[in-house]
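>>> sequence? don't have it. structure:
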């Protein structure tokens, strides 16, 4: 069964790639079916683990063995990986089904479905790994699929650039992850999770000099692993690829850039909790980066106009939440937010996809509005998604997000308090940009000049059905699973898959603090409605009086421009310089070309002696003879 | 005495090239093609047989053959161990693929071309089999001649310049190696390398001799700054020439380091490690950046080869298990991937006669199968896990990390650049909008092309997931190499 969960998507990818040549709709049906079976099985595995505590490690076969550098292909089932299995396969199955409708007009649909399945496979390989190398395989594998899917519409220049950017920025993260793995192998002599984690306590005191700095081994390892996590989870400074990745088809954004792949970084940190727990420095860094990302992305999301980009920045921001949850030591809460987030964010993305579909590929929210009666189902489902995202009481986001803020507060450290404050503030921002998106899309007046309102239409059932299931998840997943994931007895569920150095506190929290966030969230709804729909003039004026701030936000803090300036352009210039000046201008000029020129010159000179006149030769002979004689006489 | 299987392996292509020479020139030269294909396949099967019947649990040289050659002075001594057998198989695998590729691409004098390739195969197998310095030197240098002819006769417009540059560079290094071989004979009284391993060359000579060998290998590798012949040679060489050059000739140097420099001069090898690290890092970073800016596909791949070879030298001189195994793996993997990439360029070159990146664009619309294969190899080239390219690099870096953090960090950064130039190449050639009307008329890969590239795809992926057969082959030999090295270093330190 474990094998089936992992390999069915791969089989789907391979068969699906062969295309519709056999039967019409062959690819989409076979891939969706196989992934759905995989989803059902993984829910079963999750349930079996929860009820009967059935976990295990299955070795498929040995991958690499070089000295003591040994890595197996393996399927490692524990509570952590079983949660991820459910998230990945469940969302993936729904996205597969949704894509049947969404991509119905695309001639390359078999390829698309095949990539989706391949992605699912890579992601599963990542989460069930029992060693760092297999994790790295999955890590880069999902990066590849992300690259292929972002660039799926390969005729679009922007899509191609976004795809390359995603891969290369991720490679920078992978660079960190690889260094982390090298460090682990060098000191621990193994890359197997269990063996490494068992050895950690022996290495707490280890210090090493790294590039001139003295640092603790564990801290250093965690920092490098975290760089990897930052790349994959689009954390501040390595986030630039995520908004651009929205060039890909919307189902891709929902699956890869919201629910699954981008959470791999969070998964890595949680998986490595036995390492991170021993390094307060690394945890603090995780918290700080998480906080910055949460605020940064939320602030940028406030002013964006592309519906998908808003949701993308929102994802970025929510990932920040997960990281600072992990940073304050609440790994289980981070996982819980990851779990609930997968439902409502996939819902929002697929809902946006439905809207985009209705407007015939229009993505600018300024060109939408007033279509709530035309798209009733999408409207309701998007409403659920928005409520869940903002943390409206008793929906899924409420349980997980508020838990993060509470745990940060319970930390009783200045950084924890700070994180809690940032969390509350970001929750408020989240609420505002989410409602802005929602109201501008569905309320107000109809603003699209290209398509008459009569032509907008509700999506087909094949697209609405996955939305419905996700909607149910977005409403109930928080309430149903909160005791299992973060309740008083959550340790019984997580067992050894998450490591806490000190007991987690479950103290009571002051009532005002509990109420604060939900209140802000609820209040923000009418505020948003007033400013974005009823009286837009005030904001317009505010924008004009604070133009620099607005520009700063809409240009995403100018980080892309900064990177072009520091990295992209210089490396192209240096490349040209090395080529033209280094290789051609120096090595060749003074090397082979130079030598052959010198030899030619010398031989030309030598040739001058061969005049062909006998008196010249006679003169030289005479000269030589006289010199020889002089020499002999003098001696 | 047993059947001289290695001699058969070496001379089978040479003998069959003689038959091609005798064959009547028909309209399509079918007999020449069939003879060469058949003989190269026979050689391949024979080499697989040698691999199959080898004992991997022993680090000794196997299938030994010894013939007195010149008055007991030079012996014609052959043998294989776990390291060399894989290079032999790589050679015998790539050669038939090259021969198949000729059918489409070489238009005139195909008979002579095939003879050159088969003669080259003989010399290349000879390099990897010989256990005597002089015999090695002869094969090593003789290989230059057919390659020189392949570039000089069947090459592009600037073929003469490239051929001479190639010859000049490589010969210059080799002269020093010859001097060193003579010196070794005077010091030890033999040129049999198994005996030299036993005798151990005195410390005072090692540095100079190491440098002499190094000068030859560095050019062949090629290492920075003597790499500039490679892009020119590749650009002008016909497809089959590029493939052999990248896949096999470059590996001779890496093999040379493993077979000669490290075991014969361990103290010098240790002494010069910083030099190697520096040059390797420069090769990785510098040439990756240069590759980024290339406008010619073949040049880009040639520069990427230099960068990949940087990992090889880096790995060998870590003297760690992972480093050396990674290097060998990287060489095998690069042999497959670069061969495939040059074949890919050859495919479109045969159709449009342009190697410029700007000529193409949006190929995926018209040549979907070709594009698929191209992307697979580009990804393998940038070291995607699940392909052979990843394992080699990763093991080398794991090894390097145990010696120097800085070196390993810089080398790892090269992986980011590798992704940049490979993906940018893919984007400009495969994706995007087609502006060139000619591209739209191109036809997709035909059966022979699919066959050639398909075999390479299969190997690159299978050995990416399941490298055990290769790793087990050289496991014991590498252990032995490292043990001997460490013993020499520790005894050298006592002196």
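That came in fine, so what should we check first? Fair warning: this is a prediction, and the values are worked out from it, not measured in the lab. Numbering: from 1, shown residues only, chains lettered A, B, ... in the order given.

>>> so what's the residue of the stretch 501-635 of chain A found nearest chain B up against?
For the stretch 501-635 of chain A, the residue closest to chain B is residue A:575, as judged by Cβ to the nearest Cβ, at 3.9 Å. Where C-beta positions appear, they are placed from N, C-alpha and C, glycine not excepted. By Cβ atoms under 8 Å, 6 or more residues apart in numbering or on different chains, the contact set of residue A:575 is B:289, B:290, B:291, B:292, B:293.

>>> Including secondary structure and pLDDT, could those residues go into JSON lines?
Below are the contacts of residue A:575 laid out as JSON lines (DSSP: H, G, I helix; E, B strand; the rest coil; pLDDT from 0 to 100):
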{"residue": "B:289", "secondary structure": "helix", "pLDDT": "88"}
{"residue": "B:290", "secondary structure": "helix", "pLDDT": "88"}
{"residue": "B:291", "secondary structure": "helix", "pLDDT": "88"}
{"residue": "B:292", "secondary structure": "helix", "pLDDT": "85"}
{"residue": "B:293", "secondary structure": "coil", "pLDDT": "85"}
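
>>> Which members of those are classed as buried?
In these, burial by neighbour count holds for B:289, B:290, B:291, B:292, B:293, counting by 16 or more other Cβ atoms under 10 Å in any protein chain shown.

>>> Would you confirm that the first one contacts residue A:573?
Going back to what we said before, that points to residue B:289. No - the pair residue B:289 / residue A:573 is not scored as a contact, 9.4 Å apart, by Cβ atoms under 8 Å.

>>> Where do the strands of chain A begin and end?
For chain A, the strands defined by DSSP state E occupy A:56-66, A:69-77, A:207-210, A:213-216.

>>> List the pairing partners of the third one within its sheet, with orientation.
Going back to what we said before, that points to strand A:207-210. strand A:213-216 (antiparallel) (DSSP bridges).

>>> Spatially nearest residue to residue 98, not counting backbone neighbours?
Since no chain was named, I'll use chain A. Among residues not flanking residue A:98 along the chain, residue A:466 sits closest, at 4.4 Å (Cβ to Cβ, 6 or more residues apart in numbering or on different chains).

>>> meant chain B, my bad for not saying
residue B:240 (4.1 Å).

>>> Low-confidence regions, chain A specifically.
Chain A contains residues with pLDDT under 70 at A:19-24, A:504-507.

>>> remind me, longest helix of it?
Criterion DSSP state H: the longest helix present in chain A is helix A:157-188.

>>> contacts with chain A among the buried ones among the contacts of residue A:575, please.
Of the residues in the buried ones among the contacts of residue A:575, proximity to chain A by Cβ under 8 Å from any Cβ of the partner chain holds for B:289, B:290, B:291, B:292, B:293.

>>> before we move on, the earlier item: as JSON lines, the contacts of residue A:575 with distance to residue A:418 would be great.
Shown next, in JSON lines, are these (distance: Cβ to Cβ, whole Å):
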{"residue": "B:289", "distance to residue A:418": "42"}
{"residue": "B:290", "distance to residue A:418": "47"}
{"residue": "B:291", "distance to residue A:418": "46"}
{"residue": "B:292", "distance to residue A:418": "42"}
{"residue": "B:293", "distance to residue A:418": "46"}
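
>>> can you list the residues of the stretch 151-300 of chain B near chain A?
Near chain A, when you scan the stretch 151-300 of chain B using Cβ under 8 Å from any Cβ, you find B:164-165, B:168-169, B:225-226, B:228-229, B:231, B:286, B:289-294.

>>> what mean pLDDT would you report for stretch B:349-357?
Across stretch B:349-357, the average pLDDT comes to 85.

>>> residue ranges of the helices in the stretch 451-600 of chain A, please?
A:461-486, A:490-494, A:511-529, A:536-545, A:547-554, A:559-563, A:569-577, A:589-590, A:592-609 (DSSP state H, counting those that start in this stretch).

>>> nearest residue to residue A:493 other than its sequence neighbours?
residue A:484 (5.2 Å).

>>> list the contacts for that neighbour?
A:50, A:490, A:493.

>>> can you tell me if the longest helix of chain A touches chain B.
Yes - judged by Cβ under 8 Å from any Cβ, helix A:157-188 comes into contact with chain B at A:157, A:160-161, A:163-164, A:167-168, A:171-172, A:174-175, A:178-179, A:181-183, A:185-186.

>>> what packs against that helix?
helix A:132-150, helix A:193-199, helix A:217-232, helix A:241-244, helix B:388-401, helix B:405-429 (3 or more Cβ pairs under 8 Å, 6 or more residues apart in numbering or on different chains; DSSP states H and E).

>>> Could you identify which of those is most buried?
helix B:388-401 (a mean of 28; mean count of other Cβ atoms under 10 Å in any protein chain shown).

>>> Show me what it is packed against.
strand A:56-66, helix A:132-150, helix A:157-188, helix B:297-316, helix B:321-352, helix B:368-381, helix B:405-429, helix B:447-465.

>>> follow-up on the earlier one: right, and the residue nearest to residue A:98 touches residue A:353 too?
No - look at residue A:466 against residue A:353 with Cβ under 8 Å: they stay out of range, at 10.3 Å.

>>> Overlap in contacts, these two.
In contact with both residue A:466 and residue A:353: residue A:98, using Cβ under 8 Å, 6+ apart.

>>> returning to that earlier point: are any of the residues of helix A:157-188 next to chain B buried, and which?
A:160-161, A:163-164, A:167-168, A:171-172, A:174-175, A:178-179, A:181-183, A:185-186.

>>> residues near residue A:620, how many?
11 (other Cβ atoms under 10 Å in any protein chain shown).

>>> now do residue A:632
8.

>>> again, but for the one 3 residues further on
As a burial measure, residue A:635 scores 5 neighbours (other Cβ under 10 Å).

>>> So what touches stretch A:514-521?
Outside stretch A:514-521, the residues that reach it (Cβ under 8 Å, 6+ apart) are A:390-393, A:398, A:401-402, A:405-406, A:423-424, A:427-428, A:431.

>>> tell me the pLDDT at the residue lying closest to residue B:89 once chain neighbours are set aside?
Counting by Cβ to Cβ, 6+ apart, residue B:89 lies nearest to residue B:47, which is 5.0 Å off, once chain neighbours are set aside. Per-residue pLDDT puts residue B:47 at 90.

>>> Contact partners for residue B:47?
B:9, B:85, B:88, B:89, B:91, B:92, B:125.

>>> Out of these, flag the one nearest to chain A.
Nearest member of the contacts of residue B:47 to chain A, counting by Cβ to the nearest Cβ, is residue B:85, at 17.9 Å.

>>> Show the backbone phi and psi for residue B:61.
Backbone torsions of residue B:61, given as degrees, to the nearest 10, read phi -70, psi 140.

>>> Repeat that for residue B:253.
According to degrees, to the nearest 10, residue B:253 has phi -70, psi -40.

>>> So it is in contact with residue B:214, correct?
No - here residue B:253 lies out of contact with residue B:214, judged by Cβ under 8 Å, at a distance of 9.6 Å.

>>> list the residues that contact both of these two?
With Cβ under 8 Å, 6+ apart, residue B:253 and residue B:214 have no common neighbours.

>>> how far away is residue A:39 from residue A:97?
To residue A:97, residue A:39 is 10 Å away according to Cβ to Cβ, to the nearest Å.

>>> How about residue A:319?
Residue A:319 is 26 Å from residue A:97, by Cβ to Cβ.

>>> Can you get me a residue count around residue A:372?
18.

>>> er, residue B:138 actually
Using other Cβ under 10 Å: residue B:138 sits among 17 other residues.

>>> now do residue B:328
Neighbours around residue B:328, by other Cβ under 10 Å: 29.

>>> Now do the same contact list for the closest residue to it other than its chain neighbours.
Leaving aside its chain neighbours, residue B:328 sits nearest to residue B:474 (5.7 Å; criterion: Cβ to Cβ, 6+ apart). Applying Cβ under 8 Å, 6+ apart to residue B:474 gives the contacts B:82, B:83, B:86, B:325, B:328.
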